[in-house]
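A.B. asks: Sequence unavailable; structure follows:
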């Protein structure tokens with residue numbers, strides 16, 4: 001099961017109590033106050049980690065609490081501080097206030113840290129209250145409680161390229177062919193039930209390309225049909241979109257209408273998605289039906305003024321894939337050097 005949204009009660013550690021204690025020592029009849037201060041409560045700190053890709057670790061966790069500080073001791077001994085609780089989350093995690101939905105923090109790079117709840121201060125022992133006029137104070141203070149918050153973690157994957165297509169269009173096959181990903185592929189719809197990531201290695205000392213394959217989109221996805229809104233959020237942060245179309249027209253589908261439907265669903269969900277650079281991949285070129293359909297498809301692209309670059313491929317045999325990978329490398333190189341440039 002893929003977990004990309006979770007609600008958690010987070011509580012920092014309480015501060016330890018200060019104590020009332022007296023110096024007891026031979027030949028010192030009036031040793032005076034010697035109560036130590038309490039230790040500080042532990043913080044709850046969230047840290048982004050590039051080696052984590054989902055929120056599955058939190059699936060059965062609803063309460064997170066850091067360690068309390070220890071109470072002070074005699075002979076002015078300070079209580080030990082509570083240990084900070086470090087929580088690792090994947091890149092792309094949004095930390096939200098559960099009640100208001102306000103985004104409190106956005107984890108976008110490796111080892112980025114944010115203190116979500118602060119531990120309480122330790123209380124003061126009676127040694128802190130001694131004055132020239134009150135040399136034997138008989139009071140101490142309790143530690144402060146740690147802060148707490150009801151938060152929501154929402155994952156929006158940070159990938160360079162997002163693969164978008166109907167079920168059984170061949171997105172997962174493409175991902176396995178051009179990246180190091182090992183994922184399930186089969187010739188039936190909805191084989192992919194969770195987003196998958198794959199990495200294309202580029203030249204030495206150059207940043208590679210991270211691809212995200214989300215489960216197939218169907219008409220009405222923006223209204224939460226099929227797997228719906230559950231995974232559309234994962235393509236919001238991509239730099240480039242790949243619309244993948246089954247050109248063989250399986251189940252009497254219309255390939256060009258599939259493309260229009262995909263674009264329409266993304267537009268309904270988030271209009272800015274269609275402003276991203278994109279390409280169109282026409283898959284299953286090895287079939288006779290695809291050969292018959294491609295002429296009409298290109299004609300309709302011109303009629304609808306869709307100018308995105310398009311590539312004809314067969315993902316299974318790898319035909320046309322080198323050209324696709326080369327274009328992705330070139331496009332992303334431009335996008336990274338000039339983020340304001342549309343590829």
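C.D. replies: In hand now; what should we look at? The model shown is predicted, which means the values in this text are computed figures rather than measured ones.
A.B. asks: helix/strand/coil for residue 329?
C.D. replies: Here residue 329 is recorded as helix under DSSP: H, G, I helix; E, B strand; the rest coil.
A.B. asks: any idea of the pLDDT on it?
C.D. replies: We have a pLDDT of 88 for residue 329.
A.B. asks: contacting residues for the residue lying closest to it once chain neighbours are set aside?
C.D. replies: Spatial nearest neighbour of residue 329, excluding adjacent residues (CB to CB, 6 or more residues apart in numbering): residue 202 at 6.0 Å. In short, each C-beta sits where N, CA and C put it, glycine included. By CB atoms under 8 Å, 6 or more residues apart in numbering, residue 202 lies in contact with 208-209, 329.
A.B. asks: doesn't residue 161 make contact with residue 234?
C.D. replies: No: counting by CB atoms under 8 Å, residue 234 does not reach residue 161; the two are 11.8 Å apart.
A.B. asks: list the residues that contact both of the two?
C.D. replies: Joint contacts of residue 234 and residue 161 (CB under 8 Å, 6+ apart) are residue 212.
A.B. asks: Past the helix or strand bottoming out on mean pLDDT in the chain, which element shows up next along the chain?
C.D. replies: One helix or strand of the chain scores below all others by mean pLDDT, DSSP states H and E: helix 229-232, with a mean of 66. Using DSSP states H and E, the next helix or strand after helix 229-232 towards the C-terminus is strand 240-246.
A.B. asks: name the helices or strands packed onto that following strand?
C.D. replies: Here strand 240-246 touches strand 161-165, helix 255-269, strand 278-283, helix 321-337, going by 3 or more CB pairs under 8 Å, 6 or more residues apart in numbering; DSSP states H and E.
A.B. asks: That one pairs with which strands, and in what direction?
C.D. replies: strand 161-165 (parallel), strand 278-283 (parallel) (DSSP bridges).
A.B. asks: deepest of these, which one?
C.D. replies: Highest mean neighbour count of these: strand 161-165, a mean of 26 (counted as mean count of other CB atoms under 10 Å).
A.B. asks: ranking the helices and strands packed on strand 240-246 by mean pLDDT, which is last?
C.D. replies: helix 321-337 (a mean of 85).
A.B. asks: ok, and what's touching it?
C.D. replies: 160-161, 174, 177-178, 200, 202, 207, 209, 239-240, 277, 279, 281, 309, 311, 313, 315, 341, 343.
A.B. asks: Tell me which stretches of the stretch 101-250 of the chain form helices.
C.D. replies: Per DSSP state H, counting those that start in this stretch, the stretch 101-250 of the chain carries helices over the ranges 171-178, 229-232.
A.B. asks: picking that back up, can you add distance to residue 297 and give the strands paired with strand 240-246 back as TSV?
C.D. replies: Formatted as TSV, these follow (distance: least, CB to CB, whole Å):
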stretch	distance to residue 297
strand 161-165	14
strand 278-283	7
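A.B. asks: Compare those strands and give me the one nearest residue 31.
C.D. replies: Distance to residue 31, taken as CB to CB, is lowest for strand 161-165 among the strands paired with strand 240-246, at 71.2 Å.
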